[in-house]
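# Make a model of this:
(one chain, ligands or ions: 1)
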Amino acid sequence: MRYLLLLLIPALLAAQGQRPRVAIAQLSHESNSFNPRMTEHADFPQRALSPVPAVLDDWARSKDTVSGFVIGGRRENFDLLPTFVAAAIPRGPVSAAAFERLTGELTASLKKAPKLDGLLLSLHGAMVAEKYPHGDLEVLKRVRAAVGPAVPIVVVHDFHANIAPEMIRHCNALLTFKENPHVDTQDRGIQAARIMAGIVSGRTMPVQAVAKPDMVYNILHQNTFAPPLKPIVDESKRLEENPKVLAVSVSGGYQYGDAEWMGPSVVVVTDNDQALAEREAQRLSRMLWETRDRLAVNLPEPDTAVRQASAAAKTPVVLVEMGDNIGGGSSGDATFILEELVRQKARGWVVMIAEPARSSPRRSAWVSAPRLTRWSAARWTNCTALPCASGDACAACTTASGTSPRPLTEAARSSTRA
Ligand SMILES: [Zn+2]
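Sure thing, here's the model as predicted:
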């Protein structure tokens, strides 16, 4: 039924001599389900939607998926309509209240829009909501219900999407960033607009297939510019040289989203060739699976890491707690390495740990402790290991030069609190 309606769009547009009116929307969040700090409505700054075209000019400069929607949409001579555009930095799951309010605002903006011929939609693909383990799937279902079956939707996900296979039932094409680090975000937005142009002009009729190997691709192995992923991503690009293939995506998955469908995926979108889409999705999925013997994670425990780092002939040495990946939405307050630095009486280290909110009891207890008057303020922002097990002689809290803790001036103290 949806495809029948899609066939009517180009004819209607041509008859009316109109440019296709295509909306741009975004609701994007990478949710770390191990972070107890929920992501709330206030964490999603919403972009201003007017005046048009000034906001579109502004968006085009941002080098992200939305900028690609604008640049690509203008190339395709779309009449672009800004609707709801909001993204939050990675953190804990989206609270139930925030999810309802955000999706309500998104769907309301689409419902009140003038009649749409298409929707370019940016969803991260790794949103976990308090009541919906796969938040993006629920968002997409609500968006589809809002715009109806006749409006084509092209979705762009992050490379770290945990794709639910059902996603492809509710959109006309789904693609993800190809690269990690994400240097192709704008390119994927442009590609999405190109696919949309094929749909609204009647030139193409996308069909798609998804395949998921039964594995987790640890973030340590997700560099798409090196093996084992590079040959598979290269193959996805090579496949897109076939005019029958509209998009091939290999997503690495997001291991900090502990929900069903966590893990890598392959999505292939073809021009009305379901068998080709299925075949290539399965083939690339097998390519992922065949790398499994190279995906062992062999990282040292904190005691070994600190011992090796302390004995290193060259400095600086950086120790990173991979389970506390702040770029991936964790809380940044793990103290495993700090604990071991203290235990081994390591000297000359700076420890970076997230500062609790200034008003929290934890912070208050820290600041009010009388012994802290002798300690440097730099540690207030860097160390939240409370209660401090080592007392005033905490070796982990020495300054970067390795000297003993010293009091800072009030100006320096203020700057560290910013
Ligand atoms: Zn990502």
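# The residue in the chain that the ion sits nearest to: how many residues sit nearby?
Residue of the chain nearest the ion, by CB to the ion: residue 160 (3.6 Å). Quick note: C-beta positions are derived from backbone N, CA and C, even for glycine. Using other CB atoms under 10 Å, the number of residues around residue 160 comes to 26.
# where does this structure dip in pLDDT?
Applying pLDDT under 70 to the chain flags residues 1-17, 355-418.
# Tell me the residues of it that contact the ion?
Residues of the chain lying near the ion by CB under 5 Å from the ion: 158, 160.
# Just give the closest residue to the residue nearest the centre of the chain, not the sequence neighbours.
With distances taken as CA atoms, centre = their mean, the residue of the chain nearest its centroid is residue 30 (4.4 Å). The spatial neighbour of residue 30 that comes closest, neighbours along the chain excluded (CB to CB, 6 or more residues apart in numbering), is residue 90 at 4.1 Å.
# before we move on, back to that, give me the neighbour count for the nearest residue to the residue of the chain closest to the ion once chain neighbours are set aside.
If you skip the residues right next to it in sequence, residue 160 has residue 254 as its closest partner in space, 4.0 Å away by CB to CB, 6+ apart. The number of residues packed near residue 254 is 32, by other CB under 10 Å.
# Would it be right to say that residue 254 lies in a strand?
No - for residue 254, which was evaluated using DSSP: H, G, I helix; E, B strand; the rest coil, the result is coil, with no strand membership.
# all helices of the stretch 151-300 of the chain, in order?
167-170, 185-201, 230-239, 274-289 (DSSP state H, counting those that start in this stretch).
# count of neighbours near residue 77?
If you count neighbours by other CB under 10 Å, residue 77 ends up with 9.
# circling back to that earlier point, looks like the residue nearest to residue 160 contacts residue 29 (just checking).
No - at 11.2 Å, residue 254 and residue 29 do not qualify as touching, with contact defined as CB atoms under 8 Å.
# which element follows the one helix or strand residue 69 maps to toward the C-terminus?
Residue 69 belongs to helix 65-75 when assigned by DSSP states H and E. With elements assigned by DSSP H and E, the helix or strand that comes after helix 65-75 is strand 79-87.
# list the contacts for residue 259?
In this structure, residue 259 makes contact with 33, 128, 133, 134, 162, judged by CB atoms under 8 Å, 6 or more residues apart in numbering.
# need those in JSON lines with secondary structure and neighbour count, can you?
Supplementary listing: those in JSON lines, determined by DSSP: H, G, I helix; E, B strand; the rest coil; neighbours: other CB atoms under 10 Å:
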{"residue": "33", "secondary structure": "coil", "neighbour count": "17"}
{"residue": "128", "secondary structure": "coil", "neighbour count": "27"}
{"residue": "133", "secondary structure": "coil", "neighbour count": "21"}
{"residue": "134", "secondary structure": "coil", "neighbour count": "23"}
{"residue": "162", "secondary structure": "coil", "neighbour count": "32"}
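# out of those residues, who's nearest residue 340?
Ranked by distance to residue 340 (CB to CB), the contacts of residue 259 are led by residue 33 at 26.3 Å.
# residues in contact with the closest one?
For residue 33, the set of contacting residues under the criterion of CB under 8 Å, 6+ apart consists of 92, 93, 128, 256, 257, 258, 259.
# from these, which is closest to residue 23?
Within the contacts of residue 33, the smallest distance to residue 23 is 25.8 Å, found for residue 128 (CB to CB).
# Quickly list what the residue lying closest to that closest one once chain neighbours are set aside is bridged to.
Counting by CB to CB, 6+ apart, the nearest residue to residue 128 once its immediate chain neighbours are dropped is residue 31, at 3.8 Å. When bridges are taken as DSSP bridges, the partners of residue 31 come out as residue 91.
# just residue 208 next, same as before
In this structure, residue 208 bridges to residue 269 when assessed by DSSP bridges.
# was I right about the residue of the chain closest to the ion contacting residue 28?
No - with contacts defined as CB under 8 Å, residue 160 does not count as touching residue 28, sitting 11.4 Å away.
# Return every residue with contacts to both of those two.
Shared between the contact lists of residue 160 and residue 28 (criterion: CB under 8 Å, 6+ apart) are residues residue 124.
# I'd like to know the beta-bridge partner residues of the closest residue in space to residue 136 that isn't next to it in sequence.
Using CB to CB, 6+ apart and skipping the chain neighbours, the partner closest in space to residue 136 is residue 123 (4.5 Å). Using DSSP bridges, the bridge partners assigned to residue 123 are residue 27.
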